[in-house]
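# dropping a prediction and its sequence here:
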Amino acid sequence: MSRTIIIRCTTLAAATVLALTACGGTDDAPAEERDGGAAAEQEAPAGDSGDTDAEADDAAASDGGGEEEAGDGAAGSSEESAVVEIGTEFTDEETGDVITIVSAVRHNPTEYYLASDNPDGEMIYLEVEVTAGDQFGGVISQQDFVLDDGGEEVNYASTADEELAAAGFENFEGASRRDGGGAGYIPIYVEQTGDTLSGAYVRPEMKILGEDATVPEFRGEFEIPAA
């Protein structure tokens, strides 16, 4: 069971944030050569023209086939990214945090290490928005958002942050309760994708520093629709 240590905020002191602790990837030939080639073609016997034409036809057919194969490979390398709306909101009554799963960007191209030679996987950019409560300090982490991956829960794929930013999305870097929250996108990779995907926001059980009290775990579930 995972547990987080937090500090309670009061109106007499500024909110204090403790580090959370938890237990448990063209023709360029010279002019002389071109001129010489032209002269040779003019002097060639008429009988050779058929062979030359046949060779040219074969070369053209070969080039055409290569282009077609290259085109097919590029088209099959990845699906087009698509945004799907979610709009699921949770309120954590214990902390006062309001968590909104805004949307998800599906079928993102990726070089994430688990995606290598895996046609069944998918990189998801999960858009979240957090309005933090003022009862406690601490941070709502990227790792608190999970997706179901063949029966196991997976979370934040940190090494895909640069891909996400290069695609024009803002990273969710965690939401400090002291700062009032935050918003952005979290990259999460699943090795076994599907038309729809199940996910959850899981705030672990918290122990209040200086008090003999704990705040129970909170869990809110959502679904990512098909693109």
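Yep, that arrived.
# how many neighbours does the nearest residue to S176 once chain neighbours are set aside have?
Among residues not flanking S176 along the chain, V139 sits closest, at 5.2 Å (CB to CB, 6 or more residues apart in numbering). In this view, the C-beta of every residue, glycine as well, is placed from N, C-alpha and C. Using other CB atoms under 10 Å, V139 has 22 other residues around it.
# and V139, what's its pLDDT?
If you check V139, the pLDDT there is 94.
# how far away is it from E173?
10 Å (CB to CB, to the nearest Å).
# same check on S81?
22 Å.
# A160 too?
14 Å.
# thought T159 was touching Y113?
Yes - using CB atoms under 8 Å, T159 is in contact with Y113, at 7.2 Å.
# mind listing what's buried along the helix or strand harbouring I86?
For I86, the element it lies in under DSSP states H and E is strand 82-91. Residues of strand 82-91 classed as buried: I86, F90 (neighbour count, 16 or more other CB atoms under 10 Å).
# what does stretch 103-115 give?
Those would be S103, A104, V105, R106, N108, T110, Y112, L114, A115, for stretch 103-115 by 16+ other CB under 10 Å.
# first to last residue in that stretch, what's the distance?
One end of stretch 103-115 sits 22 Å from the other (CA to CA, to the nearest Å).
# ok, residues contacting it?
25, 77-87, 121-127, 157, 159-160, 163-164, 167, 169, 185, 187, 189, 191, 224, 227 (CB atoms under 8 Å, 6 or more residues apart in numbering).
# restricted to strands, list those residues.
82-87, 122-127, 185, 187, 189, 224 (DSSP state E).
# taking those together, which two end up most distant?
G87 and Y189 (23.2 Å; CB to CB).
# and the pLDDT for F136?
So F136 comes in at 91 (pLDDT).
# is it true that it touches M206?
Yes - the criterion here is CB under 8 Å, and F136 meets it with M206 at 7.3 Å.
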